[in-house]
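Trainee: Just need the structure, nothing else, for what follows:
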Amino acid sequence: MPRTNLILLALILTACATPTPLPTLMPVPTVLPTPTFAPTTTSVSTVSPTLPPTFAPTATATIAVPLIITRDANAFSREATVPILMYHYIEPVPPNNKDQLRADLTVTPEKFEAQLKFLKERGYTSIDLYQFYGALARGDKLPAKPVVITFDDGYGDLHEYAFPLTEKYGFTGTIFIITDFTDAQKSDYITWAKALEMVRAGWRLESHTKNHPSLEGQSLEFQRDQLKGSMDALKKNLGYTPRFLAYPYGKFDQNSIKVLQEVGYWGAVTTNIGRHHSFGSLYTSPRVRVNGYNELPAFAQSLGEKAP
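Mentor: Coordinates of the predicted model:
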């Protein structure tokens, strides 16, 4: 076969051969970095904002609103020894005063100051009933020597005498208000304006019912009107709901406790004498009565302290 023909034949055979396929290459995945998620927050500008001027609070600026306190699982096992002092009038006693009951209930400003001075020197710190409740309900820490200073009825002399003296020694108090008497502006009783001035300075206003009846033996409806009515009047003037009651004359029954719990009170104080408390007896808390004839040694003894 001529050489030219051989070359042509070779070219034809090469062109008809099946080509070897190339391997199919899988694409190499691009490995992305794991994203870091910042917490969802409002972005903060790096430019310092212009702040409004800060004003120091004044004596009439605010009323400290108590927070809702929820008891924990250990509440019913807690006890505390806290003197809750019970006063009525703080005023001078006229030398010819024939009202023996009022004389017994009246502590002169001089005696009251001596008692406050004694409390200060012995290391006492005044607390309110919300702090007292918090300690029993959930174990809130109290000062080393706490004392609750309470005043029944809400007489007008408290603003004139008790208020400046407690301010002098760094104490605050709690007034159990008879709301109908304060609403009616009865002459012997504190006005809402003066009472609220004291509250803004750290005092508390709590309930002593609407018009000071004995609750013992009264119907549920009657007691509900007295306890809810006084609570509503205080809330209207305070801006928050009061949670504590002082029983008028120290008289109450199981209906009283039932209604107190029903309408939202957290506790009540009696006229029974004592300093020891428990969470389970918060609606029958005893107090330390301070009478006009008590001299300082007797006052010290009522607190379990040595006489000065």
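Trainee: going forward, measure contacts between C-alpha atoms and count neighbours the same way
Mentor: Will do.
Trainee: Give the full set of residues in contact with the residue nearest to Thr271 when sequence neighbours are not counted.
Mentor: Nearest residue to Thr271, sequence neighbours excluded (Cα to Cα, 6 or more residues apart in numbering): Gly250, at 4.9 Å. Gly250 is in contact with 214, 270-272, counting by Cα atoms under 8 Å, 6 or more residues apart in numbering.
Trainee: Recalculate using a threshold of 10 Å.
Mentor: By Cα atoms under 10 Å, 6 or more residues apart in numbering, the residues touching Gly250 are 214-216, 269-272, 284, 286.
Trainee: Could you dump those into JSON lines and include distance to Leu129 and neighbour count?
Mentor: As requested, these are exported to JSON lines (distance: Cα to Cα, whole Å; neighbours: other Cα atoms under 10 Å):
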{"residue": "Ser214", "distance to Leu129": "23", "neighbour count": "15"}
{"residue": "Leu215", "distance to Leu129": "22", "neighbour count": "22"}
{"residue": "Glu216", "distance to Leu129": "24", "neighbour count": "17"}
{"residue": "Val269", "distance to Leu129": "10", "neighbour count": "22"}
{"residue": "Thr270", "distance to Leu129": "14", "neighbour count": "21"}
{"residue": "Thr271", "distance to Leu129": "16", "neighbour count": "18"}
{"residue": "Asn272", "distance to Leu129": "17", "neighbour count": "13"}
{"residue": "Thr284", "distance to Leu129": "13", "neighbour count": "20"}
{"residue": "Pro286", "distance to Leu129": "13", "neighbour count": "24"}
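Trainee: Next step: those restricted to strands.
Mentor: 269-272, 286 (DSSP state E).
Trainee: for those, which one is nearest Gly229?
Mentor: Val269 (18.4 Å; Cα to Cα).
Trainee: ok, now how distant is the closest one from Asn237?
Mentor: To Asn237, Val269 is 22 Å away according to Cα to Cα, to the nearest Å.
Trainee: Then Ile68?
Mentor: In this view, Ile68 and Asn237 are 19 Å apart by Cα to Cα.
Trainee: Neighbour count for the two, which is higher?
Mentor: In terms of neighbours (other Cα atoms under 10 Å), Asn237 is the more surrounded of Ile68 and Asn237; the figures are 14 against 8.
Trainee: How about the backbone phi and psi for the residue nearest in space to the middle of the chain?
Mentor: The centre of the chain sits closest to Pro66, judged by Cα atoms, centre = their mean, with a distance of 3.3 Å. Taking degrees, to the nearest 10, you get phi -60, psi 140 for the backbone angles of Pro66.
Trainee: pLDDT score assigned to it?
Mentor: Per-residue pLDDT puts Pro66 at 88.
Trainee: Likewise for Pro49?
Mentor: Predicted confidence (pLDDT) for Pro49: 30.
Trainee: Helices of this protein, start to end?
Mentor: Listed in chain order, the helices of the chain (DSSP state H) span 3-16, 100-105, 109-121, 129-138, 157, 163-169, 179-183, 192-200, 220-238, 254-263, 296-302.
Trainee: Can you name every helix or strand that the second one contacts?
Mentor: This points to helix 100-105. Secondary-structure packing of helix 100-105 (3 or more Cα pairs under 10 Å, 6 or more residues apart in numbering; DSSP states H and E): strand 89-90.
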